[in-house]
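Q: just to be clear, the model below is a prediction. Sequence and coordinates:
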Amino acid sequence: MARSHSLRSMFRRAPAALAVFALAAASAACSGAPVDEDEAEGTASAVSERPPQFVLLAFDGSKSLSFWNESREFAKQATRAGKPIKFTYFISGVYFQADADKGVYKGPGRSAGRSDIGFGGAAADIAPRLEQVNLAVAEGHEMASHANGHFDGSSWSAADWQSEFEQFDRLVFQGPDGSRRNMRFGPEDVVGFRAPLLGYSNGLWPTLKAKKFTYDTSKSAAPDYWPQKTDGTWNFPLAQLVISGTGRRTLSMDYNFYVADSRGESDAANKAKYKRQMVETYRKYFEGNYYGNRAPVDIGHHFSKWNGGAYWEAMQEFALEVCGKPEVKCVTYKELVTFMESRTSAQIADYKNGAFPRMQRNGGQDSLDDLGDEPATSGEYVGDLPGAHEDHDEE
């Protein structure tokens, strides 16, 4: 029987320390990671060179034509300003088939034409959406997979996952009649995955390997986690954070902030506060790693503008603040894979342990240890529920 993992069903009322410990343990157990990664040894002498600070900025979704264009334009403007940014888009296959053609998709355990996030809308919207994808690829952004119907896969078998992945290829790269679409990339170029609702099962991993995927982003971990590779797949998790000034737990994802801030209900009147809290939270996350062990900073958002656009604006402000700093690379997950594959296990262990000359802060301090950790007093870690993609939430 497949082991079930979905953040929606985990840690509803656990105390903060227990929640973080249990979540990290669950991630390690399900991934097949070493029992104790602290046993990994770094270089026997001296230290490794300081690694770059990778910042991964990603989106789940892919339906809104206006958001496609807006996010691409932001990246171009930032790059022209000397703050180069490349996004990773985790696209949903159902958004590339019109509502009238929804019968071409049948999710595991569902009837044909069912999807928790709808389909691609009018037939006239499909070609412009494909054009946006092609333009983004041409501009250096990455396309990865967010599966199709946004179902919870925490109880799925390997066969279920295999079906979902095969249908993703057909939904994205073929028309409803099976004809090949004119795309700037192919199924072989999609090598990354984030499970809807962050719901995964043990059946996912052999499917990722069979499909030659190189990384997964469906888990969560401590902010200073360095990626580990298990059975051919790199684990690039979202970060377990505490919202600045609130004591509330969250993940490094806009929908989680939305739930923590306003219980998933619109509260645009407090937009300025929510934006400030996210910027401060992301800043602390970044600085802790930049001046610490340089673990990658993983941030995932959606094609949505909750609470008056607070979180999209916060992401932009944060990106403009950190991208372009010395030794910072705001790149795609695929580019992070290339870096990780170029490192030895000893070097990665050194990075994890901070065994390299750390970047010094103004005043000569080389870490944020003096700031202390803000305790978590409430909240929970949740996956991106179907509401994160509903039509009325996408502008």
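A: Received it, and whenever you're ready, just let me know what you need.
Q: how much space is there between residue 311 and residue 299?
A: 10 Å (C-beta to C-beta, to the nearest Å). (C-beta placed from N, C-alpha, C; glycine too.)
Q: neighbour-wise, which of the two wins?
A: residue 311 (26 against 22; other C-beta atoms under 10 Å).
Q: which pLDDT value goes with the spatially closest residue to the more buried one that is not a sequence neighbour?
A: The shortest distance from residue 311 to any non-neighbouring residue, by C-beta to C-beta, 6 or more residues apart in numbering, is to residue 254 (3.8 Å). At residue 254, the model reports a pLDDT of 98.
Q: surely residue 254 meets residue 315?
A: Yes - under the criterion of C-beta atoms under 8 Å, residue 254 makes contact with residue 315 at 7.2 Å.
Q: what's downstream of the lowest-mean-pLDDT helix or strand in the chain, the next helix or strand?
A: Using mean pLDDT, DSSP states H and E, the weakest-scoring helix or strand in the chain turns out to be helix 16-31, at a mean of 35. Using DSSP states H and E, the helix or strand that follows helix 16-31 towards the C-terminus is strand 53-61.
Q: report the inter-axis angle for whichever helix or strand comes after that next one versus strand 53-61.
A: Downstream of strand 53-61, the first helix or strand assigned by DSSP H and E is helix 65-80. Between helix 65-80 and strand 53-61, the angle comes out at 160 degrees (axes from the mean of the first three to the mean of the last three C-alpha atoms, to 10 degrees).
Q: list the contacts for the residue nearest to residue 311?
A: Applying C-beta atoms under 8 Å, 6 or more residues apart in numbering to residue 254 gives the contacts 278, 300, 301, 302, 304, 306, 311, 312, 315.
Q: show me where the stretch 251-395 of the chain has its helices.
A: Ranges of helices in the stretch 251-395 of the chain, per DSSP state H, counting those that start in this stretch, are 254-262, 271-290, 306-322, 333-341, 345-353.
Q: which of those helices sits most buried?
A: helix 254-262 (a mean of 25; mean count of other C-beta atoms under 10 Å).
Q: mind checking how far that one is from the chain centre?
A: Relative to the mean C-alpha coordinate of its chain, helix 254-262 is positioned 15 Å out (C-alpha atoms, centre = their mean, to the nearest Å).
Q: alpha carbons only: can I get it in PDB?
A: The C-alpha atoms that make up helix 254-262 are tabulated as PDB, following Å, rounded to 0.1, in the frame of the first residue of the first chain:
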ATOM      1  CA  ASP A 254       2.000  32.800  -1.400                       C
ATOM      2  CA  TYR A 255      -1.100  30.700  -0.800                       C
ATOM      3  CA  ASN A 256       0.200  29.700   2.600                       C
ATOM      4  CA  PHE A 257       0.700  33.300   3.500                       C
ATOM      5  CA  TYR A 258      -2.900  34.000   2.300                       C
ATOM      6  CA  VAL A 259      -4.300  31.300   4.500                       C
ATOM      7  CA  ALA A 260      -2.200  32.300   7.500                       C
ATOM      8  CA  ASP A 261      -2.900  36.000   7.100                       C
ATOM      9  CA  SER A 262      -6.600  36.100   6.300                       C
END
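Q: skipping adjacent residues, who's closest to residue 203 in space?
A: Leaving out its chain neighbours, residue 203 is closest to residue 158 (C-beta to C-beta, 6+ apart), at 3.8 Å.
Q: now that neighbour: how far from residue 191?
A: 19 Å.
Q: please identify which of those two sits among more neighbours.
A: residue 191 (21 against 16).
Q: quick check: chain neighbours aside, which residue is closest to the more buried one?
A: residue 214 is the one closest to residue 191 (C-beta to C-beta, 6+ apart), at 4.5 Å.
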